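> Just the structure for this:
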Amino acid sequence: GFLAFCVFTFNVTGGFAFLASHFDSTSDDDAAMHFPVTDADWLHMVEIVHIKLFVGMVVYFVMVSRIISGSVRMIRKWERLRLRRIKHQHIVKTSSQNTLRSMSTTILEGDLAKYIHWRAYFVSRVLSWPVDSPSTFELMCQDLALDAVDPETKERVAAMVEERFSFSAYLALNVERGVRDSIEVHKLTWLAMLCLFGIFAVLCRFAHVNMMTSGTPVCIVLVVGILGMMQWFAWHKQRRISSFDPQPLGPPEGRRPSSYSCSHVVHQQYATELIALRLFQVVLFLLCYVFSRTVLNFNDWRHHFITELMLCSLFALLFATLAHFLPRQVPMFLALMALPPFVDTLNLTVFCDIVRHGPEVLELAHGAPKDSSFERTSRNALARFRDRRDGTFSPPFLDGSESSSEGSDDIAAIRGLIAQLELRLRNVEDGARTDNAAASLPSVPPQLEEGRSELRSPQRTDHAAASSRLAPPQQDSGFREVDGGATSGPLGGKGSGKFSL
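Numbering: from 1, shown residues only. Model prediction:
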């Protein structure tokens, strides 16, 4: 719409008439650059380019939608594996040795075993930061309000990670950050496109090089090269993780730092995965524009129909191949780039947020889409990253006040509901213990037998009144009747009444 408004304004103010009068298009030399003759021809050419740009943008977003769909499927898969891991831990704690031996071959297989191994690799590398990457460890302790020089800090971090860290949420937030960066066509992308088109214009004007004959093969080679680099990196990283032997408490004390603490400084200082995605965005968008230019080249369709049909068929095959590989390749690349030793400052901020808030971040992110907590967590991470980069970051809880995300209304409401539920459950358990204790008492003294005989007498049929008069007062269990009906206990029992918390 903005481009259309600019074209309209330029046409009304006589801009195209000025171009038609100042650019000579009457040369008979075939090697000369031919321009439109009239202002109407200039307007028609600009509108054709505008529509080609629009079609190229549509094709680009179709490719990005494939990346989004693949990322969503992978995030859901990680969440299912997280729940299966929790179930597996519960089975390990409650089952006997014979049961574990019989179920070990059926539970830890395929994706679940891979997910657990990835998590063990990540946790072990994090616990080795005091030796391998002291600067990263200091930043983590600063973010978590811990003392980096305390000898017990490592054990505290291990306990916090084991209790509160959600590996699936960590992968999901980092993949979401990269995919959201690919959706928006950034200013640097437009600047790179302008530079490339300027180079092509100079080559076409002076070297008589056609963009279709020279630019298209270059774009195809770059796209295939970037995807090949992602595939090679994913294969190499997964192979390294599969050969990793997890150690619960990290590396032994006194060992020399790993080599990656020196060779991966660039990955830790800069988000190199975003740089690769920006380069891929430029090349992919340029390829989409070349495809739209081929499809909407009506003059060549009239004179070279077979050639244009073959080119469009080849482009369709290329985009079908990209649509097949992109949904898995890009999310896997982003997930692996979030693992050590490639943890940059923003990855570290996401990790500390998840460790600080625990499962609450995951519940808000995946269980309440209307609340946009998932996006709010990402925005908080980005804001914290900018504050640290600008030197205005202050560690939380050092001044006695809670952070904004920790004291948010959503988390406070969830904690309040959990506290109320635990209190009411304790009341129900206390009532059950009281009933058991009453059942274990000796026989009723003779003085109370008259009361029992009175209750059994046919003259007294109001059992509700008698029970309300003789029964001890019970604590409120927190359940209330909704549809009416009698009941014999706080959780139901006799009767058909329905209850809710």
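
> From now on I want contacts and neighbour counts done on CA atoms only, so please keep to that.
Fine.

> What residues of stretch 159-169 count as buried?
161, 165, 166, 167, 168, 169 (16 or more other CA atoms under 10 Å).

> Pull stretch 52-69 out as PDB, backbone CA atoms only.
Output of stretch 52-69 as PDB, limited to C-alpha atoms (Å, rounded to 0.1, in the frame of the first residue of the first chain):
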ATOM      1  CA  LYS A  52       6.400  -8.800  -9.100                       C
ATOM      2  CA  LEU A  53       7.600  -7.600  -5.700                       C
ATOM      3  CA  PHE A  54       4.200  -8.500  -4.200                       C
ATOM      4  CA  VAL A  55       4.200 -12.000  -5.700                       C
ATOM      5  CA  GLY A  56       7.800 -12.500  -4.500                       C
ATOM      6  CA  MET A  57       6.700 -11.500  -1.000                       C
ATOM      7  CA  VAL A  58       3.800 -14.000  -1.100                       C
ATOM      8  CA  VAL A  59       6.100 -16.800  -2.100                       C
ATOM      9  CA  TYR A  60       8.500 -15.900   0.600                       C
ATOM     10  CA  PHE A  61       5.800 -16.000   3.300                       C
ATOM     11  CA  VAL A  62       4.700 -19.400   2.000                       C
ATOM     12  CA  MET A  63       8.200 -20.700   2.600                       C
ATOM     13  CA  VAL A  64       8.200 -19.100   6.100                       C
ATOM     14  CA  SER A  65       4.800 -20.600   6.900                       C
ATOM     15  CA  ARG A  66       6.400 -24.000   6.200                       C
ATOM     16  CA  ILE A  67       9.100 -23.200   8.700                       C
ATOM     17  CA  ILE A  68       6.500 -22.100  11.300                       C
ATOM     18  CA  SER A  69       4.500 -25.300  10.900                       C
END
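
> Identify each buried residue in it, please.
Applying 16+ other CA under 10 Å to stretch 52-69 flags 52-53, 55-61, 63-68 as buried.

> Mind picking the one among the buried residues of stretch 159-169 that's closest to residue 338?
Within the buried residues of stretch 159-169, proximity to residue 338 (CA to CA) peaks at residue 167, which comes in at 11.0 Å.

> which residues touch that closest one?
By CA atoms under 8 Å, 6 or more residues apart in numbering, residue 167 lies in contact with 82, 119.

> From residue 353, how far out is it?
As defined by CA to CA, to the nearest Å, residue 167 lies at a distance of 12 Å from residue 353.

> before we move on, what about residue 83?
20 Å.

> Please list all residues in contact with residue 282.
So, once contact is read as CA under 8 Å, 6+ apart, residue 282 ends up touching 189, 192, 193.

> again, only using 6 Å
Contact analysis of residue 282 by CA atoms under 6 Å, 6 or more residues apart in numbering lists residue 189.

> Which neighbouring elements make contact with the top helix by length along the chain?
Counting by DSSP state H, the longest helix found in the chain is helix 39-94. Applying 3 or more CA pairs under 6 Å, 6 or more residues apart in numbering; DSSP states H and E, one finds that helix 39-94 contacts helix 15-22, helix 167-183, helix 272-295, helix 305-337.

> Would you mind putting those helices into a markdown table with distance to residue 115 and mean pLDDT alongside?
Below are those laid out as a markdown table (distance: least, CA to CA, whole Å; pLDDT from 0 to 100):
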| stretch | distance to residue 115 | mean pLDDT |
| --- | --- | --- |
| helix 15-22 | 61 | 88 |
| helix 167-183 | 9 | 90 |
| helix 272-295 | 22 | 89 |
| helix 305-337 | 12 | 91 |
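
> Minimum distance to residue 233: which of these has it?
Closest among the helices and strands packed on helix 39-94, using CA to CA: helix 305-337, at 7.6 Å.

> okay, the angle between that closest one and helix 39-94?
40 degrees (axes from the mean of the first three to the mean of the last three CA atoms, to 10 degrees).

> what packs against helix 305-337?
Using 3+ CA pairs under 6 Å, 6+ apart, helix 305-337 sits against helix 39-94, helix 167-183.

> so where's the stretch 301-450 of the chain shaky on pLDDT?
Residues of the stretch 301-450 of the chain meeting the criterion pLDDT under 70: 358-416, 428-450.

> coming back round to it: please identify the most buried of the helices and strands packed on helix 305-337.
Mean neighbour count (mean count of other CA atoms under 10 Å) peaks for helix 167-183 among these, with a mean of 21.
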